[in-house]
Structure formats: C-alpha cells, structure tokens
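Q: Next one to model:
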Amino acid sequence: MTPPVAELEDHRAEIMAHCYRMLGSVVDADDAVQETMIRAWRGLSKFDGRSSLGTWLYRIATNVCLDEIGKRKRRARPIDESEPGTKDSPLTEHPRSHWIEPVPDAQVVPQDADPERRFALRQSIRLAFVAALQHLPPKQRAALLMREVLDWSAAEIAEALETTVPAANSALQRARATLAERDVVELEPLTGAQQELIQKYVDAFERYDVDALTSLLHHDVAFSMPPYSLWLRGPEHVHGFLLGPGIGCRGSRLVPTAASGAPAFGQYHEDPNGGYKPWGLVVIEPRGDRIASWTTFLDTETLFPRFGLPPRLPD
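A: Model (predicted):
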C-alpha cells in the first residue's frame, strides 16, 4: 500500500538530522531534505513496503548527501585546521562554506521524544562529532551513521550503499578507527550544577566581568569565532582576547536557544541608533564544572532566522 504524502513529513526532523550529520551544514542539510522529499514524492508509487517508510527515506537522503559531498570540500572547525593562536594573531576569514555550522535543536530533536531518545539525538548532532565525521570518506561516513545512530544491520547498510556485507563491515571498521583518532569526548546530560554554571556565564557575560567569566572556563577551553580561523586555548588567552580585540562584546545581551545538542545564545550588541543588533550565535559545552568549548558563529544573517531569534532587541 502506498503511504499518503503527509506521512513523509512525519520523518522530516530525523531526515534533517541525518543530512546534517552527513554534510555539517544546516543550510546544505535543509536543501538535501527538500531534494529527498521531492525524490520520495515522485517515487511513492514504487514504494513496495518491504522496508519501513523511514528506512526508505534514509536511503534516499543518504544518496542525496553522497551526491552533494562529491561537489564540495570538507567542512571543518577552526580547531581542526591550525594550532591555537593568541589575542595578537591575525583574524583570517574564510567563507561560510568552509566551516561546520550549528543546527537548531528544535529542528532535529522532536519535542515528543522520550528523554533517553532526546539525549541520544543531541549526542549525535554535537559540533565535535559532526566535525569528526567530515574526516571520513563519504561511504564510510554513511555506514557509520547507519550503524551507530540508526542501529542498522550490516546487511541493511550493504543494501543501502549497494555493496556487499563484507565491504560494509570493512567500511565500518575503518570509520570507527578514524573516529577513535579524533578523540571526541562524549556529551554528558546537563546536571543542575551545569545549568547553574550556564546561568553564571550569562550573568558574567552581560556584565562583562571578564575575571568572573574566565573563571568559569575549563583549563583547556577551546574558544573560536567562525568565519575566522583563529582559535584560542585556555582561560588566560580568552581573558586577553576579551579585553583586547574582543572588547566590542562589552554591553551585549544574550537570548537563550539550543544548538547542536548544546546550550546556545543569540548574542546582541548595542546599536548606536538604539536597541541591540545581532552579533553572533554562541554555543557553549560544559564538561564537569567548567565550560570546555565556546564557539561564536558570526554569520547572523544566515543563522538567526533559522534559530527563530529576533532581528533586533529593544532598549
């Protein structure tokens, strides 16, 4: 029996998450989902029901992503490309297409999912995990996601990738070995203490108390600001930057959201003409009792509308 077209939409969030993991870009993933839905709609009459509708859509989406990956270079994070700099390092800018982008949790984590499922989904869209995936050859990337995230069997993976079971298993082994070299630290469920840590971060940032702010950072915190390639390691370097080149952040206001499985904020800066204008999308990841990663994405024109953040804040 051919499923109604409306059932395709029921799978949009999970297909969006899959495409985001494959491509590392919320914009590219959105385009891939649209192409997936178009191909699925055109092929609905051929859907034979041997697999679930979701499995069928994942196969289509994977092929769409594999086609897209072949057209462009691998996306990355600043931390993946160079050694850490200092407050005096030059700010070299790269185009948006160079960098891993965050995805709104609201777009890929269903509100009605149970807590365990929501945590697993957030784990699978973390910036560090998605960046590590980009180091894998396309079919290894797909195979790993099908196994580790979707829990498919080797036979299902082989069928989806039009290969043999031994080849699928080999791809999985190589993918796991490469990912292990990236040393991606697993996300922890946010504790009450970490939620208090995040609130202290907001309070210190809006007061621009740099001493208090950097006291909340892990000893090896990674601080970056795509589209710039510069990144910093350690609270002392972040402290120097915030009181030097980053002094323009003084007087900011933060609006909470959630991005790539982590706490995030729309950062707004005072506008001389009144009110506050967008400055950056801040994504922070706690580890233990400190903040281990602080990334500010400066492409507000692309990201703020996608996160449903207001274009301005009043005085």
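Q: count of neighbours near residue 68?
A: 19 (other Cβ atoms under 10 Å). Every C-beta, even on glycine, is put in place using the N, C-alpha and C of the backbone.
Q: and the helix or strand encompassing it, what other elements does it pack with?
A: Per DSSP states H and E: residue 68 is located in helix 53-69. On a contact count with 3 or more Cβ pairs under 8 Å, 6 or more residues apart in numbering; DSSP states H and E, helix 53-69 meets helix 6-9, helix 12-23, helix 26-43, helix 138-148, helix 154-160.
Q: Any buried residues in it, and which?
A: 53, 55-65, 68-69 (16 or more other Cβ atoms under 10 Å).
Q: Tell me how many other residues crowd residue 119.
A: Other residues close to residue 119 by other Cβ under 10 Å number 17.
Q: ok, it to residue 38 distance?
A: 32 Å (Cβ to Cβ, to the nearest Å).
Q: Same question for residue 67.
A: Distance from residue 67 to residue 38, by Cβ to Cβ: 13 Å.
Q: Residue 12 now?
A: 13 Å.
Q: Quick check on the two: which one has the bigger neighbour count.
A: residue 12 (16 against 12).
Q: wait, what's in contact with that one?
A: With contact taken as Cβ atoms under 8 Å, 6 or more residues apart in numbering, residue 12 is in contact with 33, 37.
Q: now swap in residue 94 and tell me
A: Residue 94 neighbours (Cβ under 8 Å, 6+ apart): 226-229.
Q: Could you tell me the angle between the helix holding residue 68 and helix 26-43?
A: Helix 53-69 and helix 26-43 are oriented at 120 degrees to each other (axes from the mean of the first three to the mean of the last three Cα atoms, to 10 degrees).
Q: May I have helix 53-69 as PDB, with CA atoms only?
A: C-alpha atoms of helix 53-69 as PDB (Å, rounded to 0.1, in the frame of the first residue of the first chain):
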ATOM      1  CA  LEU A  53       8.900   4.300   5.100                       C
ATOM      2  CA  GLY A  54      11.600   5.800   7.400                       C
ATOM      3  CA  THR A  55      14.200   3.300   6.200                       C
ATOM      4  CA  TRP A  56      13.300   4.100   2.600                       C
ATOM      5  CA  LEU A  57      13.700   7.800   3.200                       C
ATOM      6  CA  TYR A  58      17.000   7.400   4.900                       C
ATOM      7  CA  ARG A  59      18.300   5.500   1.800                       C
ATOM      8  CA  ILE A  60      17.100   8.300  -0.500                       C
ATOM      9  CA  ALA A  61      18.600  11.000   1.800                       C
ATOM     10  CA  THR A  62      21.900   9.200   2.000                       C
ATOM     11  CA  ASN A  63      22.200   9.100  -1.800                       C
ATOM     12  CA  VAL A  64      21.300  12.800  -2.000                       C
ATOM     13  CA  CYS A  65      24.000  13.600   0.600                       C
ATOM     14  CA  LEU A  66      26.600  11.400  -1.200                       C
ATOM     15  CA  ASP A  67      25.900  13.300  -4.400                       C
ATOM     16  CA  GLU A  68      26.300  16.700  -2.600                       C
ATOM     17  CA  ILE A  69      29.500  15.700  -0.800                       C
END
